[in-house]
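Visitor: show me the folded form of this:
(chains A, B, C and D, ligands or ions: 6)
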Amino acid sequence: MAEETWWLELDSPEIAQASQPGQFVMIGFGCGNTGAPLLPRPFSVGWRSDAGRIGLLVREFGSGTTRLSRLHRGEEVLLLGPLGQPFRFGVEQPVICVAGGVGLAPFLFLVGEARRAGVDVSLLYGERDARRVFDPAMIESLCGTEAEIWTEDGGAGRAGRVLEGLTPDPGVAVLGCGPTAMLHALFQFTRTHGMQLQVSVEEHMGCGVGTCQGCVVRGADGSWRKSCTEGPVFDAADLDWTR
Amino acid sequence: MAEETWWLELDSPEIAQASQPGQFVMIGFGCGNTGAPLLPRPFSVGWRSDAGRIGLLVREFGSGTTRLSRLHRGEEVLLLGPLGQPFRFGVEQPVICVAGGVGLAPFLFLVGEARRAGVDVSLLYGERDARRVFDPAMIESLCGTEAEIWTEDGGAGRAGRVLEGLTPDPGVAVLGCGPTAMLHALFQFTRTHGMQLQVSVEEHMGCGVGTCQGCVVRGADGSWRKSCTEGPVFDAADLDWTR
Amino acid sequence: MADSILAQTIFGLTFQGPVLLASGTCGYGQEYADLIPLDELGGLVTKAVSLEPRPGNPTHRIAETPGGMINSIGLANVGLARFRAEKLPWLRDHLRRAQVLVNVVGDSMDDFAAVVSGLDEEDGVAGYEINVSCPNVEGGTLYGTDEQALSELVARIRRETERPLIIKLTPNVPDICLYARVCEDAGADGLSTINTFPGMLIDVERRRPVIGNASGGVSGPSILPMGVYLTWKAAGAVSVPIIGIGGIKSTADALQYILAGASLIQIGTALFVDPAVAADVTRGIEEFVRRQAEPDLAALVGSLQMTSA
Amino acid sequence: MADSILAQTIFGLTFQGPVLLASGTCGYGQEYADLIPLDELGGLVTKAVSLEPRPGNPTHRIAETPGGMINSIGLANVGLARFRAEKLPWLRDHLRRAQVLVNVVGDSMDDFAAVVSGLDEEDGVAGYEINVSCPNVEGGTLYGTDEQALSELVARIRRETERPLIIKLTPNVPDICLYARVCEDAGADGLSTINTFPGMLIDVERRRPVIGNASGGVSGPSILPMGVYLTWKAAGAVSVPIIGIGGIKSTADALQYILAGASLIQIGTALFVDPAVAADVTRGIEEFVRRQAEPDLAALVGSLQMTSA
Ligand SMILES: Cc1cc2nc3c(=O)[nH]c(=O)nc-3n(C[C@H](O)[C@H](O)[C@H](O)COP(=O)(O)OP(=O)(O)OC[C@H]3O[C@@H](n4cnc5c(N)ncnc54)[C@H](O)[C@@H]3O)c2cc1C
Ligand SMILES: Cc1cc2nc3c(=O)[nH]c(=O)nc-3n(C[C@H](O)[C@H](O)[C@H](O)COP(=O)(O)OP(=O)(O)OC[C@H]3O[C@@H](n4cnc5c(N)ncnc54)[C@H](O)[C@@H]3O)c2cc1C
Ligand SMILES: Cc1cc2nc3c(=O)[nH]c(=O)nc-3n(C[C@H](O)[C@H](O)[C@H](O)COP(=O)(O)O)c2cc1C
Ligand SMILES: Cc1cc2nc3c(=O)[nH]c(=O)nc-3n(C[C@H](O)[C@H](O)[C@H](O)COP(=O)(O)O)c2cc1C
Ligand code: FES
Ligand code: FES
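Guide: Ligands and ions are numbered 1, 2, ... in the order given. This next block holds a predicted model:
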């Protein structure tokens, strides 16, 4: 398993049944929890099983993910979801997923579903170095196909940034999830080459359901868009990429 | 084991070596702990081994004791101690220890030490009901002698309050630890019968070492006495029992 | 019947239970409709409504603090016209027993008055909670910290409506009693205590504030003792009813406010932690009233005893 | 040498490190002598010293709150005469590099002045921290919340001493900048921000306040964002150095204050959690300065950037 990144499975038949790739869940520890995290944290649904289980790819970062890393078998957490707008794709157009780091999560779910639906889909996955790369065998078993892996230092897969794996092709729909810098680069690339792009964005969240307006991102028209209900997946063209 | 009461052993050679019966330790979870308890909590040293281990008798109550109940083997806690003034006793005078509830803790330590030093010591131990009574076999093994057990409902040992086990005798030194109401009754009894009394008091603590003045109790002369450094064991005659 | 023991008439309105959802944490109700049995609660307070729409502050707007959170939403709201046209009809249709209070903000007395008078003919608005205490916008606490201005503002709004007028106070004053009395004297029907504390978090690696607007308002469990204290002080200073707010996430927390003198309470941040908390606390308070063998909830309000045991 | 990178001259005094122990949480030093390498710290601030001894408040004096604690010690202290006779000699003998600031309280201007003048001939006192911000005694924040009275008090004490005069401000005001400027204008050499927030906890089963004196001051991690905010505001309002206080329990917490403009910081409540925290934070700050490739700590003070990345 990749360093400080792990796979977490939770039983939640309702969420498993209703989830679509790109949607997320809020995971919290309830009002009885006295320590951090107070607020629930958003995680992309990374897989679901017919048996009513969802899988999440979690990378340890701060208090929320640290707390998740200490979950023991059988422990309960609060789950709210599935939330937000999924990625849109269809058999009529080939799809390339571009994942940076833990942004891989939604695509683990999407690639499998899309393939089963007969969509022509491929997955590019970049990490800084080999230690961070999520188990390729596990990726293949979840997706039903291999990912094209890139690492900046070349320690695993190809050497370079994941975008180098992308070939210009206006007929292809690009789906992106990862660090902001990567999404910016992806936007430039797809705009230059006239390709459609959807991205999953990340912003701090409060409620996860549209009440608090904490999670907004700037739209192309200057308005604020709630990433929890109008996103997290947006058409890149609808967002403001100027800052 | 008694309901919601358990025996906790911690390795701390320095504390084990230096502890005297009646002294306490502050147990805390450090500055990295984000949840309750924030402040460390005081616990009487309930036993020590030559191998450098101390034993505590803990009864679940609020956030601190709940957190302690979740300690897993090998986990580290912050220990400060031994702190405070111990009970004073000697071979020249028989000693009767009167424990109410988890106030049993310091006497588990004291009775064993006192017996080994050749002191004539006995232990009265009261609880509300049988379910709360700490394992008599364990008491005997720690103390080297049986405790006289009282429960209010008669479910274990004798029926009644623990004070009923006390016979007037001015030649005996009484040591008390337990709920405030019991200590008050003990004070009345010993004063009426001209017996010496030392008590271990309980007050909310901050620092445990005399800096914050949070833990004071009212002295007989109206002054405030720090229970962490001047106590927790006081001569009953030095305290204010009027309120 | 389960409700009757909790029912109270406050500000001339019937509240079936003491728990309301706090302004800014429940949107305009609809967003929580699937998760919270809104019409079984005491009520809800809408997100602030201003005369004109407000876009709100830059991002990040939210961050977690020790035992709480900072928000700097900046009173982002759809404005009076769209609130009336798009949000109020839903509330009117779906909240028939729960009371809807509209949280009102403005840059000037005229602004506040215009929002209130613009809603005063509308059904579905039970009363107004006047927000003179938002730390997230320039001048947001202006009226809340100037006795003279506050008095004029309350009197001015009072002329616009006969509906319950509740002033939401800032904790950020040396003596909340002064402001509480000013509101009562100027004709307010009640007080809400408290709004958030100004706070700031810094990302030390980047040497920048975490919050886009640099600072924001601190809410959540960490402010509970301050809120209980200020509610207790305010309750001792005025005779109008008080809504206690700040850090409530359990029955015991809510009861602290009620014993301190609050007739009603609001839950904000804890809704994010668990939307079920509002119903849980309502149930918990009911159990407490029964367990304490009190005739009803009202008997608990302000029943804190000050003599030692 | 390890110290030089952290050393600063503030108020005309040399502080070998930026960490001081906060008033009321380290007694008169001696109590912590076995646990904390006091003379390796920046310094400590004594428990409040008043002209006459004060017995302090009834019990309970301490309780835990969500992410913090309430204390209502009531400025219990031995009084000027005994402080001078019994406490100061120990400090003088044992703290040779760490600076000792004496926290001063009084009921009147004369009281404050008398304590300061009563210590001003004594060696071992590096300066005074004037406490106009204690929420635990009647009138404890009087001077801290009245600009005119504050100005007169500072001017009055200024006449008694040429030693550094630092005013410890209350967070409980609408605009701390006003009070910060008043102090600077009246001759203060620095400010300490912040003291505690008034708070209350209620034991709902007993329907009584947990704290013997009903309310007390809230300190600890829960007030961190408020303290950082107020330090940042105060630092922007005055040019005298600031000591940041409130909720610090880690290097990152301390750095937030420093980036916000504090030259020094104090740690209080966290000492109870772990007495090692003061030395740990000192070490952590030193590592941070090196890692950020800054010449020294002073380069970090107030280095918060406000433009977005
Ligand atoms: C739609 C969405 C899907 C995500 N999916 C995944 C995933 O599949 N796997 C994964 O590992 N991570 C995912 N994340 C990120 C995940 O939520 C972060 O790992 C988490 O917020 C970091 O939290 P922490 O508590 O560990 O760190 P903290 O130290 O508590 O927070 C540090 C950082 O986390 C972010 N953060 C803090 N509070 C919030 C909040 N309330 N809401 C959102 N972010 C916050 C900020 O960037 C902050 O600087 C997703 C985020 C979003 C918005
Ligand atoms: C000298 C001394 C020795 C003790 N020995 C034992 C022992 O051997 N075994 C045992 O089970 N208990 C012992 N206690 C009591 C133990 O400290 C309490 O069980 C504990 O404080 C309850 O803490 P909690 O966190 O579980 O409850 P909380 O809910 O956090 O606190 C509830 C109650 O605990 C007490 N409390 C809260 N904060 C503090 C504080 N900072 N300091 C002290 N008390 C506080 C108060 O009574 C409060 O109402 C001792 C107490 C003292 C003073
Ligand atoms: C995200 C968010 C938005 C808020 N918006 C408003 C608002 O528009 N008007 C208002 O009066 N209070 C607003 N508040 C303050 C809350 O209504 C409440 O007073 C405060 O959060 C304290 O309660 P809590 O600790 O239960 O959250 C907001 C609070 C949060 C967390
Ligand atoms: C037990 C206790 C006693 C205190 N006594 C004083 C005091 O005498 N004078 C004073 O100015 N501040 C006093 N304070 C306030 C602290 O110095 C500090 O300003 C406050 O606790 C915030 O810092 P912290 O969160 O690090 O504790 C006291 C605080 C505590 C917890
Ligand atoms: S997280 Fe609350 S509106 Fe999106
Ligand atoms: S606990 Fe701090 S002085 Fe006793």
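
Visitor: below-threshold pLDDT in the stretch 201-309 of chain C: ranges please.
Guide: Where the stretch 201-309 of chain C drops to pLDDT under 70, the residues are C:307-309.

Visitor: helices of chain A, residue ranges please.
Guide: A:13-18, A:63-69, A:105-116, A:136-143, A:180-192 (DSSP state H).

Visitor: what number of residues lie near A:Val233?
Guide: Per other Cβ atoms under 10 Å in any protein chain shown, the neighbour tally for A:Val233 reads 25. Bear in mind the C-beta positions are built from the backbone N, C-alpha and C, glycine included.

Visitor: assign a three-state SS to the residue of chain C positioned farthest from its centre, would you?
Guide: Centroid-distance maximum for chain C: C:Glu205 at 35.7 Å, with Cα atoms, centre = their mean. Applying DSSP: H, G, I helix; E, B strand; the rest coil to C:Glu205 yields a three-state assignment of coil.

Visitor: OK, contacts around it?
Guide: Shown in contact with C:Glu205 (Cβ atoms under 8 Å, 6 or more residues apart in numbering or on different chains): no residues.

Visitor: now it: how far from A:Glu75?
Guide: 32 Å (Cβ to Cβ, to the nearest Å).

Visitor: any idea how far the residue of chain A found nearest ligand 6 is from chain C?
Guide: Per Cβ to the nearest ligand atom, the residue of chain A with the smallest distance to ligand 6 is A:Thr34, at 22.0 Å. Distance, A:Thr34 to chain C, using Cβ to the nearest Cβ, to the nearest Å: 8 Å.

Visitor: verify the contact between that residue and B:Gly35 for me.
Guide: Yes - when contacts are counted by Cβ atoms under 8 Å, A:Thr34 is listed as touching B:Gly35 (4.0 Å).

Visitor: tell me which of the two has more neighbours.
Guide: A:Thr34 (22 against 18).

Visitor: residue contacts, that one?
Guide: B:Gly35, B:Ala36, B:Ser63, C:Gly67, C:Pro221, D:Pro66.

Visitor: again, only this time at 7 Å
Guide: B:Gly35, B:Ala36, B:Ser63, D:Pro66 (Cβ atoms under 7 Å, 6 or more residues apart in numbering or on different chains).

Visitor: grab the nearest non-local neighbour of the first one.
Guide: With Cβ to Cβ, 6 or more residues apart in numbering or on different chains as the measure, A:Gly35 is the residue that lies nearest to B:Gly35, at 2.3 Å, once sequence neighbours are left out.

Visitor: these two touch, right, the one you found and B:Pro37?
Guide: No - here A:Gly35 lies out of contact with B:Pro37, judged by Cβ atoms under 7 Å, at a distance of 10.2 Å.

Visitor: burial of the residue of the stretch 1-150 of chain C found nearest ligand 4, as a residue count?
Guide: The minimum distance from the stretch 1-150 of chain C to ligand 4, using Cβ to the nearest ligand atom, falls at C:Pro66 (10.2 Å). C:Pro66: 27 surrounding residues under other Cβ under 10 Å.

Visitor: that one: what's it in contact with?
Guide: Going by Cβ under 7 Å, 6+ apart, the list of residues near C:Pro66 reads B:Thr34, C:Ser222, D:Gly67, D:Pro221, D:Ser222, D:Leu224, D:Gly247.

Visitor: let me know the pLDDT of it.
Guide: pLDDT, C:Pro66: 97.

Visitor: now the one 10 residues further on
Guide: With respect to pLDDT, C:Ala76 scores 91.

Visitor: residues from chain A in reach of ligand 5?
Guide: Applying Cβ under 6 Å from any ligand atom, we find that chain A lies next to ligand 5 at A:Met205, A:Gly206, A:Cys207, A:Gly208, A:Gly210, A:Thr211, A:Cys212, A:Gln213, A:Gly214, A:Cys215, A:Lys226, A:Cys228.

Visitor: give me the subset of the residues you listed lying in strands.
Guide: With strands taken from DSSP state E, the overlap with the residues of chain A next to ligand 5 comprises A:Lys226.

Visitor: from the residues of chain A next to ligand 5, which two are the most distant?
Guide: A:Gly208 and A:Gln213 (12.1 Å; Cβ to Cβ).

Visitor: more neighbours, those two?
Guide: A:Gly208 (27 against 24).

Visitor: can you pull the pLDDT of the more buried one?
Guide: pLDDT at A:Gly208 comes out at 98.

Visitor: for D:Gly106, find the nearest of the helices of chain A.
Guide: Nearest of the helices of chain A (Cβ to Cβ): helix A:63-69, 42.8 Å.
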